[in-house]
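K.L.:
Show me the folded form of this:
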Amino acid sequence: MKAAVVERPRIIVVKDVPKPTCDDYSIIVKVCKAAICNHSDVALWEGKWPPVKDFWEPSDYPFILGHEFSGEIVEIGAKVKEIYPELKLGDRICEWTWCGGFAEYVRIDVRKVCIAKLPENISYEEGALLELAGGSTMVCAYDCFRPAYRVLIMGCGPAGLCLIQHAKNLGAEVAATDLYDSRLKLARKLGASAVYNASEYGPAELAEVIKRDFGEVDVVVDTAGAKSAVTTGIEALRYRGEYIIFAHPTGGVPVPFKRISEKKIIIRSFDASRERRIKLLALAAKQVSEGKLDLKSLISHRLPLAKVEEGLKLCKDKPSEVVKIVIDISKE
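P.N.:
Reported below is the predicted structural model:
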């Protein structure tokens, strides 16, 4: 089978590798569509993160990249139904989260990964984005967005654009910031009533502009993980507001503890048990199926597996042009 293999940092080759074999607690998935994770896939390709396999377990070079994908179950182990009694051959599925997905076939250990069936009206392309969307629903699970709240989403990458929709669905008013006008335009389309290009202001100045035009905010969700974003978010919050850390910063970020203490800001970050993740993934699929969560609009590029390196370079070098890149592994 064909797979995109990282041979060493910044060297990825699409080549023939052995097709995985099934065991009692595994399924073999014929991958139809995959998506490039703008953050972790690029970091893994560049060698900023060490190699991984399966359920984010340490590995060595070479390794198959990719953890966002959807496809069809073509083999199923004898004991899989102990974990997922509803799964059967031919089911269309998405997952959260397994490594090695940039390949024609992948073996998944169902004891570790979260799996959801794709409703009939969801495409494999949307299914490939459900790993990301499932993660964004964690903010909803912790009751962060409420009717009439003012919510500020900092960063309009794929996660931020999902969070805008979640907040809007729960009755909040949403403002958003980003460095690129193209993403801010998409943020407006998906429900933000106010958008701000952070490159046009100093961090504290931007907070004042937001408070003047949009109002003090109840909740900030930081998907940027940058020093300037922290300053803007803390200053834009009301007294006793909530600052939610959603980003995965690659380095340390200074924190203004004095202002946090003065304003009695609540700092929160989230994780979820496997059982909860399974439910959140199914919830995200349901929202897409019902038209409450638009994932199609996030797709900015479509590339064949043979051009996965081109996609990684686009993510790294041209972030103003990229929101989400879908990789065509096999035809639906």
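
K.L.:
how about the helices in the stretch 151-300 of the chain?
P.N.:
158-169, 181-189, 203-213, 227-236, 257-263, 274-289 (DSSP state H, counting those that start in this stretch).

K.L.:
For G71, find the nearest of these.
P.N.:
Of all those, helix 274-289 sits nearest to G71, with 14.5 Å by CB to CB. From N, CA and C alone the C-beta is placed, and that goes for glycine too.

K.L.:
Buried ones in that closest one, by neighbour count?
P.N.:
277-285, 287-288 (16 or more other CB atoms under 10 Å).

K.L.:
could you dump the residues you listed to CSV with pLDDT and distance to V106?
P.N.:
Output for these, formatted as CSV (pLDDT from 0 to 100; distance: CB to CB, whole Å):
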residue, pLDDT, distance to V106
R277, 92, 19
I278, 94, 19
K279, 93, 23
L280, 93, 22
L281, 95, 17
A282, 95, 20
L283, 94, 24
A284, 96, 20
A285, 97, 19
Q287, 96, 25
V288, 97, 22
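
K.L.:
Out of those residues, which comes closest to E95?
P.N.:
L281 (7.9 Å).

K.L.:
mean confidence score for stretch 148-156?
P.N.:
Across stretch 148-156, the average pLDDT comes to 97.

K.L.:
Which strand residues bridge the residue lying closest to A229 once chain neighbours are set aside?
P.N.:
Setting aside the residues directly before and after it, A229 is nearest to M154 in space (CB to CB, 6 or more residues apart in numbering), at 4.7 Å. Using DSSP bridges, the bridge partners assigned to M154 are T177, D222.

K.L.:
my guess is M154 contacts V219, does it?
P.N.:
No: here M154 does not reach V219: they are 11.1 Å apart, not a contact under CB atoms under 8 Å.

K.L.:
what's the domain layout of this structure?
P.N.:
Domain assignment for the chain by automatic domain parsing gives 2-134+273-328, 143-268.

K.L.:
low-confidence ranges in this structure?
P.N.:
The chain contains residues with pLDDT under 70 at 250, 331-332.

K.L.:
quick revisit: dump the residue contacts of the residue nearest to A229.
P.N.:
Residues near M154 by CB atoms under 8 Å, 6 or more residues apart in numbering: 160, 176-177, 198, 220-224, 229, 232-233.

K.L.:
could the helices of the stretch 151-300 of the chain be laid out in JSON lines, adding distance to L305?
P.N.:
Converted to JSON lines, these look like this (distance: least, CB to CB, whole Å):
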{"stretch": "helix 158-169", "distance to L305": "20"}
{"stretch": "helix 181-189", "distance to L305": "26"}
{"stretch": "helix 203-213", "distance to L305": "40"}
{"stretch": "helix 227-236", "distance to L305": "34"}
{"stretch": "helix 257-263", "distance to L305": "46"}
{"stretch": "helix 274-289", "distance to L305": "24"}
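
K.L.:
ok, A3 - how many residues close by?
P.N.:
27 (other CB atoms under 10 Å).

K.L.:
which element is it on?
P.N.:
strand 2-8 (DSSP states H and E).

K.L.:
Need the contact partners of the next helix or strand after that strand.
P.N.:
Downstream of strand 2-8, the next assigned helix or strand under DSSP H and E is strand 11-16. Applying CB under 8 Å, 6+ apart, the contact partners of strand 11-16 are 1-7, 45, 65, 305-306, 308-309, 312.

K.L.:
Now strand 11-16: buried residues?
P.N.:
Those would be 12, 14, for strand 11-16 by 16+ other CB under 10 Å.
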